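J.: A predicted structure for the sequence below; I have some questions about it.
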Amino acid sequence: MGLPRQWRILVLDMPGHGESSFDPTQDYSPFGMAEKVDMFVEAVGLERFHLVGESLGACISASYGSTYPHKLDSLTLLCPPITHRLSNGVATKYIKEFEVTGQLSLLFPQCPDEFQQMIDVVLYNPSLFTFHYRMRQALLSLQMEHYHHFDKIQKDLRKTQEGDREVRQLAKNITMPLFILWGQHDRVCDVSGASILHSLVRGSRVQVLERCGHAISLERPRKCAQLLTDFISHTAAATIRPTAPLHTPPHFAPIAPPVMC
């Protein structure tokens, strides 16, 4: 994405993605997964760092920032699916489907044609990413191996059922510098969430990208990298502690998005 080379970047795969392990007896609610993120943070010895999350990863990152605010120098949230549960929030048809059925079928295609439908929804300009039928079939077969993981995750997410009061309290607990990034044409998480969340967290920054859907880092990687670099560099410069050498690069731990593309 063009982030500074001197940054130490740690990327965490969501459960069911990459090589992340999965235990069906564990709690995969946003706060449950935030606790697992903190176990990782402790294991690698991070004291303070900048956290970035996208989509469900942003939901987990928000939960982490609310629970462990003393550990973050900044928090960046890309289209987090949390504001629809506020009294003034807007839920898209895909979020409504999840709230009613506990399933977000869009992100779990069963055939190559449904895979293409997912691409068409999460991207503003799906023609940027054209997949041959056989390639879609191959990608789909790899991902479907983990679908039983996603069933458990979706159940835990729906079971959480944070309402207006809980979401407002979560936002109130986010005391570190916050950057909110959203795609203008997001069809999964309504873009109104950007201004709503911005109004709940004093001093937060917000940016809405034109010609961009839900998969921000995929569709606008250079712009995304530029905005992240500017925000984190500015925040790091403003929060340098006297005991820290000026050349120390910031720790930057993004949580990979759950979108399968």
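T.: Thanks, I have the structure now.
J.: Chain neighbours aside, what residue packs nearest to residue 92?
T.: residue 190 (5.3 Å; C-beta to C-beta, 6 or more residues apart in numbering). Where C-beta positions appear, they are placed from N, C-alpha and C, glycine not excepted.
J.: and that neighbour, how many neighbours?
T.: Neighbours of residue 190 under the rule other C-beta atoms under 10 Å: 19.
J.: was I right about it contacting residue 88?
T.: No - checked against C-beta atoms under 8 Å, the pair residue 190 and residue 88 is beyond contact range at 11.5 Å.
J.: What are the boundaries of the helices in the stretch 101-250 of the chain?
T.: In the stretch 101-250 of the chain, the helices defined using DSSP state H, counting those that start in this stretch lie at 112-122, 133-144, 147-160, 164-173, 192-200, 216-219, 221-238.
J.: So, low pLDDT: which residues of the chain?
T.: 1, 160-162, 239-261 (pLDDT under 70).
J.: list the contacts for the residue nearest to residue 92?
T.: With contact set as C-beta atoms under 8 Å, 6 or more residues apart in numbering, residue 190 has these partners: 83, 84, 89, 90, 91, 92, 95.
J.: So which of the residues you listed are in helices?
T.: Mapping the contacts of residue 190 onto helices (DSSP state H) picks out residue 95.
J.: buried subset of the contacts of residue 190?
T.: 83, 84, 89, 91, 92, 95 (16 or more other C-beta atoms under 10 Å).
J.: Let me know the closest of those to residue 221.
T.: Nearest to residue 221, judged by C-beta to C-beta, of the buried ones among the contacts of residue 190 is residue 92 at 23.7 Å.
J.: Enumerate every residue touching the closest one.
T.: 84, 187, 188, 189, 190.
J.: so what's the fourth one up against?
T.: With contacts taken as C-beta under 8 Å, 6+ apart, residue 189 has the following neighbours: 55, 79, 80, 81, 83, 84, 92, 95, 182, 214.
J.: Let's see which of those end up in strands.
T.: The members of the contacts of residue 189 that map onto strands under DSSP state E are residue 182.
J.: Tabulate the contacts of residue 189 in CSV, adding columns for distance to residue 165.
T.: Compiled in CSV, the contacts of residue 189 are given as follows (distance: C-beta to C-beta, whole Å):
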residue, distance to residue 165
55, 24
79, 23
80, 18
81, 18
83, 14
84, 15
92, 23
95, 19
182, 24
214, 27
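J.: nearest to residue 128, of the contacts of residue 189?
T.: Residue 128 lies nearest to residue 214 out of the contacts of residue 189, by C-beta to C-beta, at 13.9 Å.
J.: is it true that that closest one touches residue 121?
T.: Yes - using C-beta under 8 Å, residue 214 is in contact with residue 121, at 7.5 Å.
J.: Have a look at the two and say which one is more surrounded.
T.: Comparing residue 214 with residue 121 by neighbour count (other C-beta under 10 Å), the higher total belongs to residue 214, at 29 against 19.
J.: what's near enough to touch the more buried one?
T.: Per C-beta under 8 Å, 6+ apart, neighbours of residue 214: 55, 79, 121, 122, 123, 183, 186, 187, 188, 189, 259.
J.: try it again with 7 Å
T.: 55, 79, 122, 183, 186, 187, 188, 189, 259 (C-beta atoms under 7 Å, 6 or more residues apart in numbering).
J.: and the nearest residue to residue 129 once chain neighbours are set aside, how far is that from residue 189?
T.: Leaving aside its sequence neighbours, residue 129 sits nearest to residue 119 (C-beta to C-beta, 6+ apart; 6.1 Å). According to C-beta to C-beta, to the nearest Å, residue 119 stands 17 Å off from residue 189.
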